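Visitor: A predicted structure for the sequence below; I have some questions about it.
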Amino acid sequence: MTFPPEKFNNLRRFTDELLTIGQTVFRDRVKCPDADHLGMMSITFSAKQAEHMLSVQTLVDARRFADASVIARVMLEGLALLIWSNRAPDERPRAWRAYSLVFDLQTLRSKQATGMMLDADVEQDLLDRLTHEASQFLRQGGDPTDPASYKARWHLDDEGKGLRITDILKDLNDPKLVDLYGELSNWIHWNAKGIGSGLKRDGDLVRIDWSAQYRGALALAVGFQSLFQSLEVLDSRLHLGYAEKLDDLRRRYVAALS
């Protein structure tokens, strides 16, 4: 599969322009009330997407296209989680933040297991917060003081069961995202489809080349979409004033790559 050099170069330039917007957003501190869980989520997700985009660019510039797609897959996961959370802005972002208490309990128990003495008041405060803020993660009949009694994921369905990223992507009703995720996953999972695309056989001779440019183009496109939509959610939530710049960039991006 080939990808026109002109479009590839355009993709690369547009990621630069998008990153400039992102870097401008985070150049100074972003104002967000602590109680705004979606605001906090969109800040951290957008900043992380920008960091990943820089890594994708670095790998693409070095022609490490296949590994660039690994990071693009991570970006797509983050985008799916943010869009999914944005559809229930009062509940899902709150769950994302509340699950940090489960991580805190894991850390606390790990420290205690090494013999470290911790303030009893600190432990009790954490257990109280788990009861009031994170009870939805406790397995039925589980011990609220034991980290192993909590569900493995913060993203749950309406029945309280953990959702995989593929479930969330399907729930977004965008088949293209599901297909993209599958395409990007092959390289990660060591399957024949992902690895085999780079093997060329001539009799008993095998040549390996994973530098197909379309993989780099895919990584850039997925990275662009992930960062772009994350910044859109952030700008819409916190009214940062970047909607016009983002809309202009979207128009030129579509026109250049259609």
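Guide: In hand now; what should we look at? Note that the coordinates shown come from a computational prediction; the quantities given were computed from them, not determined experimentally. Numbers count the residues shown, from 1 in each chain.
Visitor: quick one: pLDDT of residue 196?
Guide: If you check residue 196, the pLDDT there is 83.
Visitor: Same check on residue 2?
Guide: 65.
Visitor: and if you look at the one 5 residues further on?
Guide: Confidence per residue is given as pLDDT, and for residue 7 that number is 92.
Visitor: you'd agree it is up against residue 257?
Guide: Yes - assessed by Cβ atoms under 8 Å, residue 7 is found in contact with residue 257 at 5.7 Å. For glycine as for every other residue, the C-beta is placed from the backbone atoms N, C-alpha and C.
Visitor: where along the stretch 151-258 of the chain do the strands fall?
Guide: Along the stretch 151-258 of the chain, counting by DSSP state E, counting those that start in this stretch, strands occupy 199-202, 205-208.
Visitor: Tabulate the ones you listed in JSON lines, adding columns for distance to residue 106, mean neighbour count and mean pLDDT.
Guide: Formatted as JSON lines, the strands of the stretch 151-258 of the chain follow (distance: least, Cβ to Cβ, whole Å; neighbours: other Cβ atoms under 10 Å; pLDDT from 0 to 100):
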{"stretch": "strand 199-202", "distance to residue 106": "41", "mean neighbour count": "9", "mean pLDDT": "87"}
{"stretch": "strand 205-208", "distance to residue 106": "41", "mean neighbour count": "8", "mean pLDDT": "89"}
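Visitor: can I get these in TSV with distance to residue 110?
Guide: Shown next, in TSV, are those (distance: least, Cβ to Cβ, whole Å):
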stretch	distance to residue 110
strand 199-202	43
strand 205-208	42
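Visitor: right, and those strands - which one's nearest residue 63?
Guide: Residue 63 lies closest to strand 205-208 among those, at 14.1 Å (Cβ to Cβ).
Visitor: Let me know the secondary structure of residue 88.
Guide: Three-state assignment for residue 88 (DSSP: H, G, I helix; E, B strand; the rest coil): coil.
Visitor: Please disregard the earlier target; I meant residue 11.
Guide: Under three-state DSSP, residue 11 falls in the helix class.
Visitor: and it, what is it in contact with?
Guide: 217, 220, 221, 224, 257 (Cβ atoms under 8 Å, 6 or more residues apart in numbering).
Visitor: Mark which of these are part of helices, please.
Guide: In helices, defined here by DSSP state H, the members of these are 217, 220, 221, 224, 257.
Visitor: Of the residues you listed, which is the nearest to residue 26?
Guide: Looking across those and measuring by Cβ to Cβ, the closest to residue 26 is residue 224, at 17.5 Å.
Visitor: ok, which stretches of the stretch 1-150 of the chain are strands?
Guide: Using DSSP E, counting those that start in this stretch, strands in the stretch 1-150 of the chain do not occur.
Visitor: Do a quick rundown of the helices in it.
Guide: 5-25, 37-61, 65-86, 92-98, 100-113, 120-133 (DSSP state H, counting those that start in this stretch).
Visitor: between those, which one is nearest to residue 147?
Guide: Closest among those, using Cβ to Cβ: helix 100-113, at 4.3 Å.
Visitor: what's residue 145 in contact with, if anything?
Guide: Neighbours of residue 145 in contact, by Cβ under 8 Å, 6+ apart: 105, 127.
Visitor: No further queries at this time; thank you.
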